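> could you look at this predicted model? Sequence included:
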Amino acid sequence: MCRIGAIKSLDFVHPSMALQLMQSQQKGHDNSGFAMVMHDLGGIFENYKKLPTLSMAATDEGVRLAEDILHEAGFQRVLQWVPETNPQPGLDINAMPNYVFETFDYPKHLRNGDKKEQEDLLLDMRLKLREALEPNEEGFVYSFWPDVVTLKEIGDPRDIGTYFNLWQPDDKFTARVITAQCRQNTNYDIVRYAAHPFHLQGYTALANGENTFYLKNVEFQRKLHRGYIGFESDSQCFLYTLHYVHHELGWPLRYYKHVVTPLPFEEIEQREDREQLKAIRQSLAHLEINGPNTIIGVLPDHSMFTCCDAKKLRPVVIGRDEKTVVISSEVCGINEVLPERDWETDIYPNEREIVAIGNDLEVQRWKQ
């Protein structure tokens, strides 16, 4: 069973906190990988929040191909950060030759352009880069988006943290929101793209469990949006449904729960919004999920949420102090990073609600 975690803070925090959160849950993962997505960046990226940052692992040729494609499209690099690695003997890590974190200015015709045009271009460029690098495995493009950085690697999470010098906090590489998972996707082939969390146009999702409606979701989602690709993991479907419901349809977040785990018809009939809920069931039935799972998501505005399957077959807990909210598969993770909190205020979400955390750290519980 996977273990997942998320941190949202009023202050900038270092990825070492995410590693500590996951390390205490070591028995719940198989040391096959570590991945994280950081939103609302601080450190060296703080002054470039409105410009897209490319997160990629690649060969030398892959870096050259990617930079040529972006340059040809009119993107101008304004910041490059290459993490200092520590390749000690005996580390369990399947390292790539290069890890690229580069911030770019938009092509001149879009620098003051429409937001949707910018968003569409960033998505199309990420898809183009992935297509160019994929055939010969020259690289893996995880995200190309403002105020977002993604790192994914195969190996032991402790060794990955050592390799990237992530165990020692510093003020160069920080964020206010970090989601993380310490396990590769072991239901299918182990590839970097399959590692949670997954990111698309400012949305991030990760899950603890499995989706037995995976094939039904995939067949439907492939037709919905050009960005819904890959499907290396059944949990990618959770991200694509979140993006479709909130970004494409423009519905409030609380309706995401009604799509992925719809209420029984007899309960729907008792509600004032029954016509809307029946329409959702009829039109989006192929986006329903099944099986044991807990989902954590981040929206483009950096707000965060979690929800469970309709039977709550996977655990999740939320703990907080004055400056930080943490979501974890196990309470021991929160104990590790927030030991001084009031444990009596911890929240254990039930199977019929979304728990959402705003940017002021206000926690809201929305009953389905």
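On my side now, so go ahead. Residues are numbered from 1 along each chain as shown.
> and after the longest helix along the chain, which helix or strand comes next?
Ordering each helix of the chain by length in residues (DSSP state H) puts helix 115-133 first. Moving toward the C-terminus from helix 115-133, the first helix or strand encountered (DSSP states H and E) is strand 139-146.
> sheet partners, orientation included, of that following strand?
strand 52-58 (antiparallel) (DSSP bridges).
> just how off-centre is the partner strand within its chain?
In this view, strand 52-58 has its centroid 15 Å away from the chain centroid, taken as C-alpha atoms, centre = their mean, to the nearest Å.
> and the helix or strand following it, what's buried?
For strand 52-58, the succeeding helix or strand toward the C-terminus, using DSSP H and E, is helix 60-72. Residues of helix 60-72 classed as buried: 62-63, 65-67, 69-70 (neighbour count, 16 or more other C-beta atoms under 10 Å). All C-beta spots, glycine's among them, are computed from the backbone N, C-alpha and C.
> report the two of those residues separated the most.
G62 and L70 (12.6 Å; C-beta to C-beta).
> okay, now the unreliable bits of the protein?
Along the chain, the parts satisfying pLDDT under 70 run over 1-2, 26-31, 183-190.
> repeat that for 50
Counting by pLDDT under 50, the chain has low-confidence residues at 28-29.
> just want the most central residue of it.
Centroid check for the chain by C-alpha atoms, centre = their mean gives T204 as the closest residue, at 3.1 Å.
> look up how far P262 lies from that residue.
Separation of T204 from P262 (C-beta to C-beta, to the nearest Å): 24 Å.
> what do you get for I357?
As judged by C-beta to C-beta, I357 and P262 stand 24 Å apart.
> the two: which is more packed in?
I357 (23 against 20; other C-beta atoms under 10 Å).
> contacting residues for the closest residue in space to L361 that isn't next to it in sequence?
Once flanking residues are discounted, L361 sits nearest to V325: 5.5 Å by C-beta to C-beta, 6 or more residues apart in numbering. Residues counted as contacts of V325 (C-beta atoms under 8 Å, 6 or more residues apart in numbering) are 7-9, 304, 318-319, 357, 361, 363.
> among those residues, which lie within strands?
Under the assignment DSSP state E, those contribute 7-9, 304, 318-319, 357, 363 to strands.
> now the buried members of these.
7-9, 304, 318-319, 357.
> dump those residues into TSV; add distance to K216 as well.
Below are those laid out as TSV (distance: C-beta to C-beta, whole Å):
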residue	distance to K216
I7	33
K8	32
S9	37
M304	28
I318	30
G319	35
I357	30
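> between those, which is nearest H225?
M304 (22.9 Å).
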